[in-house]
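following is a predicted model, sequence given first.
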Amino acid sequence: MRHNPKILDKVFWGAYTRYAEGQDITGAEKARVEEVLRLLVQFGAKPPQSVLDAGCNNGAYTLALALAGFEATGVDFAPGLLSAARRRAEELKVPATFGKMDLDSVFWYADGEFDNAICTSVLHSVRRPEWVLDELHRVIKPGGLLLVTTWLDEAGHREAFPQLFARPESEPHAGLVTRLRQAVKTLTEPQRRIHYWTSEEMRHMLESKGFEILYMDGAPMLTIVARSLDSF
Ligand SMILES: C[S@@+](CC[C@H](N)C(=O)[O-])C[C@H]1O[C@@H](n2cnc3c(N)ncnc32)[C@H](O)[C@@H]1O
């Protein structure tokens, strides 16, 4: 069967939307959000600077950034997730902005429109990760920060979505997890290969896109803080 990325998006992210809407900013997710905020500030981001949250899901990071005083904009291509994010923003009375955007297409933002950007747990699932980094470099002001987290594949297994397959069948949302697994299995082999990197591959890819690596740590989820270089 010929692989159709649009159908994959619909099946996979449609199921994911319902899965993510059941999640809350608690426990492990809260700790990850706090760590991202801490790193941004440690490496020089200062409220009220602007931050683009590329692949914002249900808005956890965008809202936390806004609550910390940043001018936060979250974009995602899943309408259900964006509705959940907007609902949360209204409930919490947080002035965050959300927009529907496919990261694999041209970003509609101007050059240098954002002081900083984050792209957490997203790069491994877009179709054109190098393009997404080109666009992030374009929309971040020279000298601004990009924080990326991504699942690593240090052993070179090139397994798609390893964390998804590590989840126990018995957990809540087991039916949706099963559907997600089925959707992931429709990924073609080249896609699986493209979407998982070792930490050194990530370093080279970011450097080749005009970023200077300031911080790189963590496995199997790697966190990178990079500065966007001016003359690139
Ligand atoms: C694993 S979630 C990560 C969400 C959030 N950044 C976090 O760290 O919790 C991946 C997100 O990327 C979004 N996404 C995947 N591909 C995308 C694309 N091409 N354009 C826009 N959003 C995309 C999905 O809808 C989903 O919300």
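Received it, and whenever you're ready, just let me know what you need. Residues are numbered from 1 along each chain as shown.

relative to the ligand, how far out is Y196?
14 Å (C-beta to the nearest ligand atom, to the nearest Å). The C-beta positions use only the backbone N, C-alpha and C, and glycine is treated the same way.

what does G55 show for phi and psi?
Main-chain torsions, G55, degrees, to the nearest 10: phi 90, psi 60.

hmm, it is touching C119, no?
Yes - with contact defined as C-beta atoms under 8 Å, G55 counts as touching C119 (6.0 Å).

can you tell me the closest non-neighbouring residue to N58?
A84 (4.3 Å; C-beta to C-beta, 6 or more residues apart in numbering).

which element follows the helix or strand hosting that neighbour toward the C-terminus?
If you go by DSSP states H and E, A84 is part of helix 79-92. The helix or strand immediately downstream of helix 79-92 is strand 97-100, counting by DSSP H and E.

which neighbouring elements make contact with that next one?
If contacts are counted by 3 or more C-beta pairs under 8 Å, 6 or more residues apart in numbering; DSSP states H and E, strand 97-100 sits against strand 71-76, helix 79-92.

deepest of those, which one?
Ranked by mean neighbour count under mean count of other C-beta atoms under 10 Å, the helices and strands packed on strand 97-100 are led by strand 71-76, which reaches a mean of 24.

ok, residues contacting that one?
Contacts with strand 71-76, where a contact means C-beta atoms under 8 Å, 6 or more residues apart in numbering, come from 48-57, 59, 61-63, 65-66, 82, 85, 96-101, 103, 114.

C-alpha coordinates for it, CSV please?
Output in CSV follows, covering the C-alpha atoms of strand 71-76 (Å, rounded to 0.1, in the frame of the first residue of the first chain):
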residue,chain,number,x,y,z
GLU,A,71,4.8,36.7,25.5
ALA,A,72,3.9,33.1,24.5
THR,A,73,2.5,31.8,21.2
GLY,A,74,1.7,28.2,20.7
VAL,A,75,1.2,26.6,17.3
ASP,A,76,0.0,23.1,16.4
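
parallel or antiparallel, which strands does that strand pair with?
Partners of strand 71-76 in the sheet, by DSSP bridges, are strand 50-54 (parallel), strand 97-100 (parallel).

follow-up on the earlier one: are any of the contacts of strand 71-76 buried, and which?
Neighbour counting by 16 or more other C-beta atoms under 10 Å classes 49-57, 59, 61-63, 65-66, 82, 85, 96-98, 101, 103, 114 among the contacts of strand 71-76 as buried.

with adjacent residues omitted, what lies nearest to A45?
Excluding the flanking residues, the one nearest A45 by C-beta to C-beta, 6+ apart is N116, at 4.9 Å.

list the buried residues of stretch 100-118.
Buried-residue list, stretch 100-118, by 16+ other C-beta under 10 Å: 101, 103, 107, 109, 113-118.

what about the ligand: which of these touch it?
Restricting the buried residues of stretch 100-118 to those touching the ligand (C-beta under 6 Å from any ligand atom) yields L103.

which of the buried residues of stretch 100-118 sits closest to the ligand?
The ligand has its nearest neighbour among the buried residues of stretch 100-118 in L103, at 3.6 Å by C-beta to the nearest ligand atom.

the closest one: what's it in contact with?
Shown in contact with L103 (C-beta under 8 Å, 6+ apart): 54-55, 75, 77, 122, 126, 132, 135.
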